[in-house]
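Engineer: Fold the following for me, if possible:
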Amino acid sequence: MPPGPETVFAATYLLDAALGTLGVVTGMISGVTVRGPGGARPATRTTPEAAVLQRILAEFREQDVGAVPMEVSSHAIVQGLVDGVWFRTVAFTNLGPDHLDFHGTMDRYFAAKAAVFTPDRAKAAVVNRDDEYARRLAATARIPVWTHSTNDTHADLYADEIRCGADGTDFSLHTPDGYARVRLSLLGPHQVGNALTALTSLAATGADVLGAAAGLETLHGVPGPPRRRPGFPRPRGLHAQHVGPERVVAVSALADGRRAVHPRDRRDRRPGSEQTVPARAHCRRVRRRRRHLIR
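Structural biologist: Here you go, the predicted model:
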């Protein structure tokens, strides 16, 4: 899944949970952890180096893993880290100006993501019809495309009647095979799009989508430990999924130990989240000075 802001990380975990509900043995490669039947270890970056990735996949095969939800960064695509991987399904979530320091322009950023949506790289594509660039990709892709939406009822899978509360999110799921009411333990309406990405990825493989949807509630949270520069105190609640060793996260605002939420993260995850506002506002000021503060 080529990442988009605030989406692909949770979608990877939701896909892993859905596959587990169907009885599939999974491995998972995310920006936080590499996890399989043999155990878990911390990830060093969103997508591993090419040789490391192949070693991980070989280990998964020896452990009889049947599917691997995986985050694929646009950096990794450009740098050839996934050139040796053929994907059963690739998902395009959205496109925002997160990595223009690397790609230069939105067109180059889009082209980087679109590079894996070809017959020699993948069998099927999943796109979010609510995103302009995803619709553009759907119109030009040379592989079968499955779509999802929270606005367009013509999508292959779509959601409506979305309700969000302090204890979770639920929505009505419409698929070619029928209808189901889906409940998520994750908070926020954006998690509906993440769930649709996961479920549409399964639909593209012919899996039991309605059966898988019933298991999404079992995912009670998505971990996100931050990465930091040596010598800096560990900030709490700061998401920095795409920050590698070569990049700097501005954490000076959090040096006094206050709990803070990244300014891109609008989710109120727990009662009393208003306590994070002073630190969040301070982060905004830091972000204006340091454009490397990213999710």
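
Engineer: What's the mean pLDDT across stretch 177-196?
Structural biologist: The pLDDT scores in stretch 177-196 average 94.

Engineer: And it, how far out from the chain middle?
Structural biologist: 15 Å (C-alpha atoms, centre = their mean, to the nearest Å).

Engineer: Please apply the same query to stretch 126-139.
Structural biologist: 16 Å.

Engineer: Buried ones in it, by neighbour count?
Structural biologist: Across stretch 126-139, burial judged by 16 or more other C-beta atoms under 10 Å covers 126, 127, 128, 129, 130, 131, 133, 134, 135, 137, 138. Using the backbone N, CA and C atoms, a C-beta is placed for each residue, glycine as well.

Engineer: mind giving me TSV with those residues and columns for pLDDT, secondary structure and distance to residue 54?
Structural biologist: Below are the buried residues of stretch 126-139 laid out as TSV (pLDDT from 0 to 100; DSSP: H, G, I helix; E, B strand; the rest coil; distance: C-beta to C-beta, whole Å):
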residue	pLDDT	secondary structure	distance to residue 54
126	97	strand	24
127	95	strand	27
128	95	strand	29
129	94	coil	34
130	94	coil	35
131	92	coil	31
133	92	helix	30
134	92	helix	29
135	93	helix	34
137	92	helix	27
138	93	helix	30
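
Engineer: Which members of those define the maximum pairwise distance?
Structural biologist: 126 and 133 (14.0 Å; C-beta to C-beta).

Engineer: list the residues that contact both of the two?
Structural biologist: residue 92 (C-beta atoms under 8 Å, 6 or more residues apart in numbering).

Engineer: before we move on, the earlier item: what's the closest of the buried residues of stretch 126-139 to residue 99?
Structural biologist: Nearest member of the buried residues of stretch 126-139 to residue 99, counting by C-beta to C-beta, is residue 133, at 13.4 Å.
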